[in-house]
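S.K.: The following block contains a protein sequence and its predicted model.
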Amino acid sequence: MEAVIAVFALLFVLFIGLGAYATVKAVGAAKRGVDRGITQARRTVEDHTLRAKSFVQPGAAGELAQLRLKLRTSMRATQEALHAAVAEDESLKESVGLFERLSAHGHELDGELRRLEAEPDRAALGERLPGLRERTERITHAADSLRWAARDRARRFAEDDLDSLSAQIDLESGALRHWTATEPQPAPAQQSASPRQSAAPPEPAARPWPEAPAADTPTTGQTWPDGAQSSPAREPERPAITPPVPRPVYPWQKKPRPESTT
């Protein structure tokens, strides 16, 4: 009895532990989803704000907004392309490592550009703009190079796979059509029949109709279309002597006495 209670207690504790683990995992997944949604929303708002500033604000402030928007767009596109490609091609792990190092420089430049947006000294800001523009160009060029290299590699692999598949399909198609090369050609004797075989059999000659009998020729039987005469009907032959009919025997008659031999 104690063993049964211990087993049930162990199962209860196990179920409680599994439930708590599943709850923690679900809460963590929900929290990560919420954080991801908040980050995406904040990023979208910032991109729209930078786009609006680049069109509305003139001078150095508008150019700073353009540089930030260009940097963020290039880095985000490269990150998504590399992370999507590394799942299918393990050789891109080194490229991902290089991008992580480049991303550190990108975040540093983005933070500096964001701080300079609130700079009141527009003259000093105008002096620093060429250097900031050059750094942005170098980082975005490197990110674009990684992204396009990964895309070209994936496209090249797809083309090689397509070429190999096309060659296999051509080989299989040739194998399927192999029967056309080995099919025996019909012999000339089978193609054209001899004159004797092709000539139609002669039609049987039509039988002549019988001529009508002459008026003075006596007919002994009926004439049929094939010209044969039927023999006259003959009566059945009768025996020469008619066998005697047995006399009727009556009950009042005496039986005949046998003749004596003495």
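M.R.: Nice, I can see it. Because the structure is predicted, anything quoted here is derived from the model rather than measured.

S.K.: so where's the stretch 1-150 of the chain shaky on pLDDT?
M.R.: For the stretch 1-150 of the chain, the stretches with pLDDT under 70 are 35.

S.K.: What ranges does it have for its strands?
M.R.: With DSSP state E, counting those that start in this stretch as the criterion, the stretch 1-150 of the chain has no strands.

S.K.: Just the helices from it, written as ranges.
M.R.: Taking DSSP state H, counting those that start in this stretch, the helices of the stretch 1-150 of the chain run over residues 2-56, 59-86, 93-116, 122-176.

S.K.: For the second one, name the packing helices and strands.
M.R.: Read it as helix 59-86. helix 2-56, helix 93-116, helix 122-176 (3 or more CB pairs under 8 Å, 6 or more residues apart in numbering; DSSP states H and E). The way it works is simple: take the backbone N, C-alpha and C, and place the C-beta from them, glycine included.

S.K.: Kindly reformat these as TSV and extend each row with mean neighbour count and distance to residue 65.
M.R.: Compiled in TSV, these are given as follows (neighbours: other CB atoms under 10 Å; distance: least, CB to CB, whole Å):
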stretch	mean neighbour count	distance to residue 65
helix 2-56	11	4
helix 93-116	15	9
helix 122-176	13	12
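
S.K.: which one of the ones you listed lies closest to residue 81?
M.R.: Judged by CB to CB, the one of the helices and strands packed on helix 59-86 that comes nearest to residue 81 is helix 122-176, at 4.8 Å.

S.K.: ok so, going back, tabulate the helices and strands packed on helix 59-86 (JSON lines), appending distance to residue 82.
M.R.: Output for these, formatted as JSON lines (distance: least, CB to CB, whole Å):
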{"stretch": "helix 2-56", "distance to residue 82": "18"}
{"stretch": "helix 93-116", "distance to residue 82": "5"}
{"stretch": "helix 122-176", "distance to residue 82": "6"}
